[in-house]
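A.B. asks: I would like the atomic coordinates for the input below:
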Amino acid sequence: MDDVAVPLSDLTRMPAPQQVYAADGTRLATYTWGEPDAPVVVTVHGFASSARDNWVLTGWVRELTKAGYRVLALDQRGHGHSERPHRAEDYSIRTLVTDVESVMDAYLVDDAVYVGYSLGARVGWEVVRDLPQRIGRAVLGGVPDGIPLARLDLDQVRAYIADGTPVADQTTQNYIALTERVPGDDLQALVALAEGMRASGTIDPDPADAPTRPILFATGSKDAIIEGSRALASAAPDGRFFEIPDRNHFNAPGSSAFKAEALRFLAEQ
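C.D. replies: Numbering: from 1, shown residues only. You can find the predicted model right below:
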């Protein structure tokens with residue numbers, strides 16, 4: 001039988017978000033695709049993105065469900081259809097990790113694999129380390145070492161929000177462009193998130209306390225953080241590294257090579 005073309009609108013259609021309440025009462029929008037009894041992949045998006053932007057529009061949900069997985073995704077607090085606190089104290093790394101645990105608990109998921117990108121990969125490092133009995137293996141894409149979101153110039157973002165002052169820093173420009181590309185993103189919430197993540201001033205993730213589960217680290221060949229990602233892969237007892245060809249930090253999630261390598265890795269379990 002000839003393959004039937006599927007309209008693009010069908011490939012990018014989002015289910016209605018299901019609300020889950022985090023431990024502190026923050027509302028989190030969650031989504032599922034695939035058969036209810038299929039193996040679960042928990043997917044967590046990056047900074048200034050969303051479940052739709054990071055996983056649906058890039059084809060990840062399509063490829064994961066075709067491979068026989070059930071996909072469980074959330075819009076992290078401050079993003080997408082989730083609640084958007086404006087206080088930095090609502091965005092510690094521990095809070096973001098607990099949000100993922102709350103979603104897994106709400107869906108009664110005790111055994112899953114994890115796929116995260118950028119901020120979602122940072123969160124994933126902690127989730128895999130803290131919940132090895134529930135996360136069998138993980139794909140962590142675009143995860144840098146160092147102080148979280150240290151490359152973002154918050155003063156320039158605040159001035160841009162206040163009166164439209166042009167942003168000079170190129171990396172900060174890229175983050176703002178990404179934010180404005182995703183419908184409904186809230187720059188004030190994302191500034192609070194960056195402040196909350198940077199508040200400790202300590203290295204995170206910590207290579208000295210790496211997760212022990214199998215992890216595929218993947219970063220674009222044109223991404224400035226690639227060497228930090230390699231270092232984290234080397235620090236993980238069961239880590240390996242994949243260089244995503246010809247991709248930078250912002251377009252790596254759409255790479256077909258990245259998706260194919262991730263699916264091979266997940267199938268090893």
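A.B. asks: mind telling me what element residue 49 is part of?
C.D. replies: Assigned by DSSP states H and E, residue 49 belongs to no helix or strand.
A.B. asks: show me what contacts it?
C.D. replies: With contacts defined as Cβ atoms under 8 Å, 6 or more residues apart in numbering, the neighbours of residue 49 are 79, 117-118, 178, 182. C-beta: built from backbone N, CA, C; applies to glycine.
A.B. asks: what does the model give it for pLDDT?
C.D. replies: Listed pLDDT for residue 49 reads 89.
A.B. asks: cool, residue 10 as well?
C.D. replies: Per-residue pLDDT puts residue 10 at 60.
A.B. asks: what's the answer for residue 152, then?
C.D. replies: You'll see residue 152 listed with a pLDDT of 78.
A.B. asks: follow-up on the earlier one: looking at the contacts of residue 49, spot the one nearest residue 232.
C.D. replies: Nearest to residue 232 among the contacts of residue 49: residue 118, at 13.2 Å, using Cβ to Cβ.
A.B. asks: close enough to count as contact, that closest one and residue 140?
C.D. replies: No. At 9.5 Å, residue 118 does not count as touching residue 140 under the criterion of Cβ atoms under 8 Å.
A.B. asks: quick one, helices of the stretch 101-250 of the chain?
C.D. replies: 119-130, 154-163, 170-181, 187-198, 226-235 (DSSP state H, counting those that start in this stretch).
A.B. asks: which one of the ones you listed is the most hemmed in?
C.D. replies: helix 119-130 (a mean of 25; mean count of other Cβ atoms under 10 Å).
A.B. asks: contacts for that helix next, please.
C.D. replies: Under Cβ under 8 Å, 6+ apart, the answer for helix 119-130 is 43-47, 54, 76, 93-94, 96-97, 100-101, 114-116, 135, 138, 140-143, 148-149, 197, 204-205, 209-213, 215, 232.
A.B. asks: PyMOL command to pick out the buried ones of these?
C.D. replies: Selection of buried members from the contacts of helix 119-130 for PyMOL, criterion 16 or more other Cβ atoms under 10 Å:
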select buried, resi 43+44+45+46+47+54+76+93+96+97+100+114+115+116+135+138+140+141+142+143+148+149+197+204+205+210+211+213+215+232
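A.B. asks: which residue is the nearest non-sequential neighbour of residue 207?
C.D. replies: residue 235 (3.6 Å; Cβ to Cβ, 6 or more residues apart in numbering).
A.B. asks: per-residue confidence for the one you found?
C.D. replies: Looking at residue 235, its pLDDT is 95.
A.B. asks: mind listing what it touches?
C.D. replies: So residue 235 contacts 207-208, 210 (Cβ under 8 Å, 6+ apart).
A.B. asks: re earlier: dump the contacts of residue 49 into TSV; add pLDDT as well.
C.D. replies: TSV is the format used below for the contacts of residue 49 (pLDDT from 0 to 100):
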residue	pLDDT
79	92
117	97
118	92
178	73
182	65
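A.B. asks: may I have stretch 14-32 as CSV, with CA atoms only?
C.D. replies: Only the C-alpha atoms of stretch 14-32 are listed here, as CSV (Å, rounded to 0.1, in the frame of the first residue of the first chain):
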residue,chain,number,x,y,z
MET,A,14,-1.6,19.5,20.5
PRO,A,15,-3.9,17.7,22.9
ALA,A,16,-5.7,19.8,25.5
PRO,A,17,-3.3,20.3,28.4
GLN,A,18,-4.1,18.4,31.6
GLN,A,19,-3.3,20.4,34.7
VAL,A,20,-1.2,18.9,37.5
TYR,A,21,-0.5,20.8,40.7
ALA,A,22,3.1,21.0,41.8
ALA,A,23,4.1,20.6,45.5
ASP,A,24,3.8,24.4,46.0
GLY,A,25,0.5,24.6,44.3
THR,A,26,1.8,25.9,40.9
ARG,A,27,-0.3,24.7,38.0
LEU,A,28,1.6,22.7,35.4
ALA,A,29,0.3,21.9,31.9
THR,A,30,0.9,18.3,30.9
TYR,A,31,0.4,16.3,27.7
THR,A,32,0.4,12.7,26.6
